[in-house]
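**Q** Need a 3D model of the sequence below.
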Amino acid sequence: MNSNNIKNLVLNSLFIALVYVATRFINIPGPTPGGLFHLGNVMFFTIAIVFGKKAGAISGGVGMALFDLTSPYAIWAPFTLVIRLAMGYIIGAAAEKFQKKKVYNIVSILVGITVATLVMIVGYYISEVILYHNFITPLQSVWGNFMQSVVGTVIGIPFSVTLKAALKKANVNIYLEDKRISIK
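**A** As a prediction, this is how the structure comes out:
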């Protein structure tokens, strides 16, 4: 294993752990079946915005699926893995689009988060239809899923802006996937 692969493994492991901890220890069970309100989205959105689509997809998908596997929500793990992988990729891709142009465009990130939120709502709705064999019961979780994303956005965007500024001020460059991510 070369040093870049080791760095990628370590950083992605750290990101997975951060999402897992934020999901595991900062959560409130929701009133709907399978519902859970947590701050894992804040960490997950921040990682996707600051470090890009691969880090966002891996941290969100694996971190939150790992939470499901170690909680009473284990049945959700395969669904969470796929849904959160897609969300992280979408948010990270939106953020990367303008990072490469040396522009930090909040509108692009909000569009990415909006699309990712739709993926989450539709993905979990379909997952609940499969699990509950019912098209009506899953409607109860739509609002909770939407609010999870709103909280992730409202806290995650300012946090990511602050993190990027701190990394830039400290002159920190991150290497992921053999590419230098300059904090601009």
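**Q** burial measure for residue 127, as a count.
**A** 20 (other C-beta atoms under 10 Å). All C-beta atoms are positioned from the backbone trio N, CA, C, and that covers glycine.
**Q** what does the one 5 residues further on give?
**A** By other C-beta under 10 Å, 13 other residues sit near residue 132.
**Q** per-residue confidence at it?
**A** If you check residue 132, the pLDDT there is 93.
**Q** So residue 11 sits against residue 52, correct?
**A** No. In this structure, residue 11 is not within contact of residue 52 by C-beta atoms under 8 Å, at 11.2 Å.
**Q** For these two, work out which one has more neighbours and name it.
**A** Taking neighbours as other C-beta under 10 Å, residue 11 and residue 52 compare with residue 52 leading, 24 against 19.
**Q** Test my guess that the more buried one contacts residue 92.
**A** Yes. Counting by C-beta under 8 Å, residue 52 touches residue 92, with 4.5 Å between them.
**Q** residue contacts, the most centrally placed residue in the chain?
**A** Nearest to the mean C-alpha position of the chain, by C-alpha atoms, centre = their mean, lies residue 44 at 3.2 Å. Neighbouring residues of residue 44 by C-beta atoms under 8 Å, 6 or more residues apart in numbering: 19, 22, 56, 59, 60, 63, 64, 84, 87, 88, 152, 156.
**Q** give me every residue that touches the fifth one.
**A** With contacts defined as C-beta under 8 Å, 6+ apart, the neighbours of residue 60 are 19, 44, 47, 48, 84, 85, 87, 88.
**Q** Report the two of the residues you listed separated the most.
**A** Farthest-apart pair in the contacts of residue 60 is 47 and 85; separation 12.9 Å (C-beta to C-beta).
**Q** And the two? Which one has more around it.
**A** A direct count of neighbours by other C-beta under 10 Å for residue 47 and residue 85 places residue 47 higher, at 30 against 20.
**Q** What segments of the protein are strands?
**A** 27-29, 36-38, 173-176, 179-182 (DSSP state E).
**Q** Strand partners (parallel or antiparallel) of the first one?
**A** Each strand that pairs with strand 27-29, with its direction, by DSSP bridges: strand 36-38 (antiparallel).
**Q** hmm, back to that, how about a markdown table for the contacts of residue 44, with distance to residue 76 and pLDDT added?
**A** Listed next are these as a markdown table, based on distance: C-beta to C-beta, whole Å; pLDDT from 0 to 100:
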| residue | distance to residue 76 | pLDDT |
| --- | --- | --- |
| 19 | 15 | 97 |
| 22 | 17 | 95 |
| 56 | 20 | 96 |
| 59 | 17 | 97 |
| 60 | 14 | 97 |
| 63 | 14 | 98 |
| 64 | 9 | 96 |
| 84 | 11 | 98 |
| 87 | 15 | 98 |
| 88 | 17 | 98 |
| 152 | 18 | 92 |
| 156 | 22 | 95 |
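**Q** mind putting the residues you listed in a markdown table, distance to residue 71 included?
**A** Below are these laid out as a markdown table (distance: C-beta to C-beta, whole Å):
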| residue | distance to residue 71 |
| --- | --- |
| 19 | 14 |
| 22 | 14 |
| 56 | 22 |
| 59 | 18 |
| 60 | 16 |
| 63 | 13 |
| 64 | 10 |
| 84 | 15 |
| 87 | 19 |
| 88 | 20 |
| 152 | 19 |
| 156 | 22 |
